[in-house]
Every structure is written in structure tokens, then in C-alpha cells.
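In: the sequence isn't on hand, but the structure is:
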């Protein structure tokens, strides 16, 4: 947007310069110099805008890199958390199964003793 505005200003300055020359009337040296200064200034602003745009693009690229890295880290953390939850659930299931096996064995022993 900044660069587009600067380009439009340069085009307008160049058009003003052409119109002043093509008008056929007398144009003073002071006016020509003022127009030329304006054209040069708008071109300078356009160059500054292009440099600023390039700087911002580079900054966005760096931030995207950080964001991608953070996303990968987050994904790895989520996988680790899921794996730990699965391990916890498996351990809990194993302990519950051992408890049920002990209860079944105790019930079986009582049945054998009473018979």
C-alpha cells in the first residue's frame, strides 16, 4: 500500500512535469526546478517505500519461521503428552487387571476350601 501510493505520487509528478512542458506556454526556470525537485523527492519516497516493504517482508519471513518452529514444538509436545497418557492408561489397566485377578483367585480359593 505504501509502495503503491509512492508509485502513484511519482506518476503524478511526472505527469505534472510533462504537462508543464507540453502546455506550450512559458514556464519559468523556478517552476521547472520546483517540478523537478518534486519529481526527485517523490522518486526518493518511492525508493524508501520499496526498502521499507522489503524490510517488512523479511521480518514477516523470520516471524513465519518462528511460528512454524513453535508449531512443530507444540505438535511434539502434544504427541508426548498423548503418549504419556496412553502409558498411564495402560499402567492403570494393568493394575486393575491384577486386582481383578487377585479377587478371582481369592474367590476361587474360598470355593475350594468350602467344598
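Out: Looks like it arrived, so ask away. These figures come from a predicted structure and were not determined experimentally.
In: pLDDT on the helix ranked longest in the chain, on average?
Out: Across the chain, the longest stretch assigned as helix under DSSP state H is helix 29-114. Per-residue pLDDT values over helix 29-114 give a mean of 92.
In: same thing with stretch 16-23?
Out: The average pLDDT for stretch 16-23 rounds to 68.
In: returning to that earlier point: just checking, what packs against the longest helix of the chain?
Out: The elements that helix 29-114 packs onto, with contact taken as 3 or more CB pairs under 8 Å, 6 or more residues apart in numbering; DSSP states H and E, are helix 2-22. Backbone N, C-alpha and C define where each C-beta goes, glycine included.
In: now the angle from the helix it packs on to helix 29-114?
Out: Counting by axes from the mean of the first three to the mean of the last three CA atoms, to 10 degrees, helix 2-22 lies at 170 degrees to helix 29-114.
In: helix 2-22 packs against which elements?
Out: helix 29-114.
In: tell me how far the helix it packs on is from the chain's mean position?
Out: Helix 29-114 sits 12 Å away from the centroid of its parent chain (CA atoms, centre = their mean, to the nearest Å).
In: residue 45: neighbour count?
Out: For residue 45, the count of nearby residues is 18 (other CB atoms under 10 Å).
In: residue 6 is in contact with that one, correct?
Out: Yes: between residue 45 and residue 6 there is a contact under CB atoms under 8 Å: 5.0 Å.
In: and the gap between the residue nearest to residue 10 when sequence neighbours are not counted and residue 14?
Out: In space, and not counting its chain neighbours, residue 10 is closest to residue 42: 4.6 Å by CB to CB, 6 or more residues apart in numbering. Taking CB to CB, to the nearest Å as the criterion, residue 42 is separated from residue 14 by 8 Å.
In: count of neighbours near residue 59?
Out: Applying other CB under 10 Å, we find 10 residues neighbouring residue 59.
In: give the contact list for it.
Out: Contacts for residue 59 (CB atoms under 8 Å, 6 or more residues apart in numbering) come out as none.
In: return the distance of it relative to residue 50.
Out: Applying CB to CB, the value for residue 59 to residue 50 is 15 Å.
In: what do you get for residue 102?
Out: Distance of residue 102 to residue 50, computed by CB to CB: 78 Å.
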